[in-house]
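coords below, sequence missing:
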Ligand SMILES: Nc1ncnc2c1ncn2[C@@H]1O[C@H](COP(=O)(O)OP(=O)(O)OP(=O)(O)O)[C@@H](O)[C@H]1O
């Protein structure tokens, strides 16, 4: 069976910096992978390329068998992407963001889904308030809602837990589990390894744009580096060692 996401020898360079330096990843339908690593390790760059919003300098990305380079629009249609920063229009309300997202994706029956997501992410009362006045956590929660509106086959979440309260974190974890059960592949970039491993079957540790290790688990272990158990207190210590 073809993987939902297949990344081979991905390379992205910014001037003298190798942001991504030969990364391999593979996820099947229904699998969730955590991308972890220090600041500047290449997590966001990898997700930006997979979402089709930043170009790669080398390697290949296939999403549901679609070649990102050959057919970026088709790939964007099947992907839901929550960027690490930005993406929200300050003068637009959540409902207007959802309207736009639905129109861009040609969704007809989206009102019930949008209302349900806003409710679950505690944004219903703010549905018609401009996002300029939103707290950081509210903005993060809305970005997750927007990424998930069309129940994408591939969901990419960049730092979805950053500054989000425990109820928002739980809503995100529940959403990821639901999409997994429905067969979506999910990649979560985060610094919160322990949290991510609650929903992820695997984790890949990036450093200098390369995979230096992956967690023991059904996925991720084809990436380069040692295979380690990153769970629990001992796992956390192993992870800290990798970052030093
Ligand atoms: N637009 C850009 N222009 C120049 N350099 C960039 C750009 N985007 C990323 N980089 C560089 O690429 C490297 C990887 O950055 P990236 O944002 O992917 O890391 P990250 O793992 O997501 O970090 P963080 O945990 O801080 O979000 C860093 O050295 C960063 O400075």
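The structure has been received and is ready for your questions. Quick caveat: nothing in here was measured; it's all calculated off a predicted structure.

The protein against the ligand: which residues are in contact?
Residues of the chain that fall close to the ligand, judged by CB under 6 Å from any ligand atom: 14, 17, 19, 37, 39-45, 84. All C-beta atoms are positioned from the backbone trio N, CA, C, and that covers glycine.

mind redoing it with 5 Å?
14, 17, 19, 39-45 (CB under 5 Å from any ligand atom).

By mean pLDDT, point me to the weakest helix or strand of this structure.
Using mean pLDDT, DSSP states H and E, the weakest-scoring helix or strand in the chain turns out to be strand 226-228, at a mean of 73.

Which positions within it qualify as buried?
residue 228 (16 or more other CB atoms under 10 Å).

Tell me which strands that strand pairs with, and in which orientation.
Strand pairing for strand 226-228, using DSSP bridges, gives strand 210-215 (parallel).

avg pLDDT for the partner strand?
What strand 210-215 shows for mean pLDDT is 87.

How about stretch 190-199?
pLDDT averaged over stretch 190-199 gives 88.

Please list the residues outside the longest helix along the chain that contact it.
Longest helix in the chain by number of residues (criterion: DSSP state H): helix 166-181. Helix 166-181 is contacted by residues 30-32, 117, 120-122, 137, 140-141, 144, 148, 151-152, 155, 157, 160-161, 164, 186, 188, 195, 198-199 when judged by CB atoms under 8 Å, 6 or more residues apart in numbering.

if we can go back for a sec, following the least confident helix or strand of the chain, which helix or strand comes up?
helix 232-243 (DSSP states H and E).

list the contacts for residue 49?
Contacts of residue 49 (CB under 8 Å, 6+ apart): 10, 12, 20, 55-56, 61, 68.

Tell me the helix or strand right after the longest helix of the chain.
Counting by DSSP H and E, what follows helix 166-181 is strand 185-189.

what helices or strands is that next one leaning on?
strand 17-27, strand 32-36, helix 43-50, strand 154-158, helix 166-181 (3 or more CB pairs under 8 Å, 6 or more residues apart in numbering; DSSP states H and E).

cutoff 7 Å now
Contact analysis of strand 185-189 by 3 or more CB pairs under 7 Å, 6 or more residues apart in numbering; DSSP states H and E lists strand 32-36, helix 43-50, strand 154-158, helix 166-181 as its packing neighbours.

Could you tell me which residues within the last one count as buried?
Put plainly, it is helix 166-181. Buried residues in helix 166-181 (16+ other CB under 10 Å): 168-169, 171-173, 175-176, 179-180.

Between the residues you listed, which sits nearest residue 75?
residue 179 (17.4 Å; CB to CB).

I'd like the distance from that closest one to residue 13, if you could.
The gap separating residue 179 from residue 13 is 32 Å, by CB to CB, to the nearest Å.
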